[in-house]
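*Asks:* sequence and predicted model, in that order:
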Amino acid sequence: MPAKKSVVIIFVGLLFVGLAVLTYTRYQHDIQRERQRVTLGSRIVETPCGVIEYGIAGKGPPLMVVHGAGGGFEQGLVLSEAMDHLGYSVISMSRFGYLHTPVPADASIIAQADAHACLLDALNIPRVAIAGASAGGPSAMQFALRYPARTSALVLLVPVAYAPRPEGAPAVQSPAGLEFLFDTALKSDFLFWVGLQLVPQTMIRALLATPPAIVKNASAEEQARISHMLEHILPISPRRLGLLNDAAVIASLTRFDLERIAVPTLIFSAEDDLFGTYQGARYSAEHIPRARFVGFSTGGHMWVGHQQEVIAEIAAFLKNP
């Protein structure tokens, strides 16, 4: 009996080691692929606002895309795949603390907006349409406020935005599990990767602020878009400082002088966005002159099921703002 027991223990041990090796091998393959991906199209420029990483794709009138939390220049360039055939050149930078753009001493929303202008100066681009997504919304709005002559149009996708809320509630809600992920998976590429393998539904709810059932019932194309969005948050380690800065900035978000935004504006959000952007998006549209609000009843923070509609709306708006 002792001999048989020893054999079983050895077998279980070998099995465990084998699974661990296979898991780590698969992780190394995936993380190396993602690390390579974020180098494609990466450009670095030194500006009066500091070092800025950016990428450019497409040809035509310039559209500056400001990514959300957990992104980087490559997240913004995803939009170029949809906009290129419509005749636009997409410019996307990594915001403060993301990938190769460092966090300066002043990493406020206003400083971010000024960094957008610094990048345009470096590229010798006098005027752009600007699109801000999620946590990229505030600096896009500030850019339109601070540089109206350089802004042809403003697009806000599920923006983090101020709205009067009961008892001074924050501008963004925290979906269930987000704080736990911040303390665990968002500190480690490996832990984040493990989360993708074991609890993808939790990651969709907590990080993408989208009800998992919406994704489950979506088209194969939309499911693939959401899957790629999650996977492309890897590597998370060079984005962590950006996430921390976004959390600090958003926590202190105040009302902007919306009535002074003098450019045509298009705003999107969904009622079931688990970050709660719908209220702020609608409030902004009500107070920005000439703003148009497109609200969806479902779709979450990733506007699932409405991708083609959103792209068509943006294209029509930029053609005739």
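*Replies:* That came in fine, so what should we check first?
*Asks:* any stretches of the stretch 101-250 of the chain with poor pLDDT?
*Replies:* Counting by pLDDT under 70, the stretch 101-250 of the chain has low-confidence residues at 168, 176-177.
*Asks:* strands along that one, start to end?
*Replies:* Assigned by DSSP state E, counting those that start in this stretch, the strands in the stretch 101-250 of the chain fall at 128-133, 151-157.
*Asks:* same list (these) but as a markdown table, adding distance to I31.
*Replies:* For glycine as for every other residue, the C-beta is placed from the backbone atoms N, C-alpha and C. A markdown table is the format used below for these (distance: least, Cβ to Cβ, whole Å):
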| stretch | distance to I31 |
| --- | --- |
| strand 128-133 | 25 |
| strand 151-157 | 28 |
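*Asks:* any chance of the ones you listed in JSON lines, plus mean neighbour count and distance to T47?
*Replies:* Listed next are the strands of the stretch 101-250 of the chain as JSON lines, based on neighbours: other Cβ atoms under 10 Å; distance: least, Cβ to Cβ, whole Å:
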{"stretch": "strand 128-133", "mean neighbour count": "26", "distance to T47": "16"}
{"stretch": "strand 151-157", "mean neighbour count": "25", "distance to T47": "19"}
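*Asks:* nearest to D183, of those?
*Replies:* Of all these, strand 128-133 sits nearest to D183, with 25.2 Å by Cβ to Cβ.
*Asks:* so that closest one versus strand 151-157, what angle?
*Replies:* 10 degrees (axes from the mean of the first three to the mean of the last three Cα atoms, to 10 degrees).
*Asks:* all helices of this structure, in order?
*Replies:* For the chain, the helices defined by DSSP state H cover 2-37, 73-83, 109-123, 137-146, 178-183, 189-198, 200-207, 212-216, 220-231, 240-251, 277-287, 307-319.
*Asks:* from the centroid of the chain, which residue is nearest?
*Replies:* G68 (2.8 Å; Cα atoms, centre = their mean).
*Asks:* check that one and give its pLDDT.
*Replies:* G68 is assigned a predicted lDDT (pLDDT) of 94.
*Asks:* phi and psi next, for it.
*Replies:* Here is the backbone geometry of G68 (degrees, to the nearest 10): phi -90, psi -170.
*Asks:* residue contacts, the nearest residue to it once chain neighbours are set aside?
*Replies:* Leaving aside its chain neighbours, G68 sits nearest to S134 (3.0 Å; criterion: Cβ to Cβ, 6 or more residues apart in numbering). Taking Cβ atoms under 8 Å, 6 or more residues apart in numbering, we find S134 in contact with G68, A69, L157, V158, P159, V160, F275, T277, H301.
*Asks:* could those go into TSV alongside distance to A140?
*Replies:* Shown next, in TSV, are the contacts of S134 (distance: Cβ to Cβ, whole Å):
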residue	distance to A140
G68	11
A69	14
L157	10
V158	12
P159	8
V160	10
F275	17
T277	14
H301	17
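*Asks:* just the residues you listed now: which is nearest I204?
*Replies:* H301 (9.7 Å).
*Asks:* that closest one contacts E271, doesn't it?
*Replies:* No: with contact defined as Cβ atoms under 8 Å, H301 does not count as touching E271 (11.4 Å).
*Asks:* what sits up against stretch 246-261?
*Replies:* Counting by Cβ under 8 Å, 6+ apart, 69, 97, 107-109, 135, 138, 141-142, 144-145, 148, 154, 160-162, 170-172, 182, 284, 287-289, 291 sit against stretch 246-261.
*Asks:* centre of the chain to that stretch, how far?
*Replies:* 17 Å (Cα atoms, centre = their mean, to the nearest Å).
*Asks:* how far does that stretch stretch from start to finish?
*Replies:* 23 Å (Cα to Cα, to the nearest Å).
*Asks:* same check on stretch 300-312?
*Replies:* 19 Å.
*Asks:* thanks again, I'm all set now.
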